[in-house]
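*Asks:* Please find the sequence and the predicted model below.
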Amino acid sequence: MAGETGSFQIGRRVSVTAPEAVTRQVAEQVGAIVSEVFGAPSRGQGRARRAAAERLSAARIVEVAIGQLREHGYDAVTMRSVARELGTGPASLYAHVASRAELDQLVVGRVCAQWQIPEPDPDRWDRQLRDCLVDLLELYRANPGVARCTLGMIPLEPGPLMVSERLLALLAAGGVREQHAAWFVDVGSLFVASVAVEEDIWRERGAGRDPELAAEEAVGKIRSVFAQLPPEHFPLLSSMSATLTSGTGDDRFRFGVDLLVAGLKALSALR
């Protein structure tokens, strides 16, 4: 696990390694913040109990949690459910992971440390940024449930912190103002996560059915509702029924990405 080794693969053909001292420092700071913000025991307290549960590890706990997220969704995963799969009690887990809030941090750290941010190219930074956002959605799609972990949480694990550092460097290469860059990291990540969470919801609702067929049926019904609205009250919804329901999920997502990046470029040009 990245948090344990201090190494992170976060760039296309670029390996970034955090010195062990930096990893430890970040871990201590994260523990204090998680304790203060989420009311959870700090990591220091968790480390003090680890000798009693040597057969477990934070890496193994995170691995099981990610597997359960993929299979059952975010709401079904608890410290108790993870402990049950590991054949132990929840108390043993707390020797390695202080709380569900910290577990979410570690899960996000494991998955998002795989997010590849390229070396910035000032001549094509906007295309690089678009590709990065598309890649992030693919990561969430490969790991259903993980996007939900990011909502209401500021990722503070070393891996995501280094990803954020490289993403800010990419924005700086494009001449994006610092304030705009800072807010874009938040808005861009939130947009991608919200799309992934919505896809997870639709997937859970259509469990056991062909996802493409279920989507086509849903869109057809929505189009029919719009088309049958009384035009005297809904002239645009009724006349635009086909347009409003056109395009795949990928089409709509890429439109959102283009909108975000184009807006960022437009703001950067206003100097």
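*Replies:* It's in.
*Asks:* all contacts plus neighbour counts: C-alpha atoms, from now on.
*Replies:* Noted.
*Asks:* mind checking the end-to-end distance for stretch 137-156?
*Replies:* 20 Å (Cα to Cα, to the nearest Å).
*Asks:* Could you list the buried residues of that stretch?
*Replies:* Buried residues in stretch 137-156, defined by neighbour count with 16 or more other Cα atoms under 10 Å: 137, 139-141, 143-150, 155-156.
*Asks:* Return the member of those residues nearest to residue 221.
*Replies:* Proximity of these to residue 221 was ranked by Cα to Cα; the top entry is residue 141 with 25.5 Å.
*Asks:* and that closest one, helix, strand or coil?
*Replies:* What DSSP: H, G, I helix; E, B strand; the rest coil gives for residue 141 is helix.
*Asks:* follow-up on the earlier one: which ones among the buried residues of stretch 137-156 are found in helices?
*Replies:* Among those, the ones falling in helices (DSSP state H) are 137, 139-141, 146-150.
*Asks:* Looking at those residues, which is nearest residue 92?
*Replies:* Distance to residue 92 across these (Cα to Cα) is lowest for residue 149, with 22.2 Å.
*Asks:* So that closest one sits against residue 108, correct?
*Replies:* Yes. Counting by Cα atoms under 8 Å, residue 108 is a contact partner of residue 149 at 6.8 Å.
*Asks:* quick one: pLDDT of residue 166?
*Replies:* On pLDDT, residue 166 comes in at 93.
*Asks:* helix, strand or coil for it?
*Replies:* Taking three-state DSSP as the rule, one finds residue 166 in the helix state.
*Asks:* What are the neighbouring residues in contact with it?
*Replies:* By Cα atoms under 8 Å, 6 or more residues apart in numbering, the residues touching residue 166 are residue 117.
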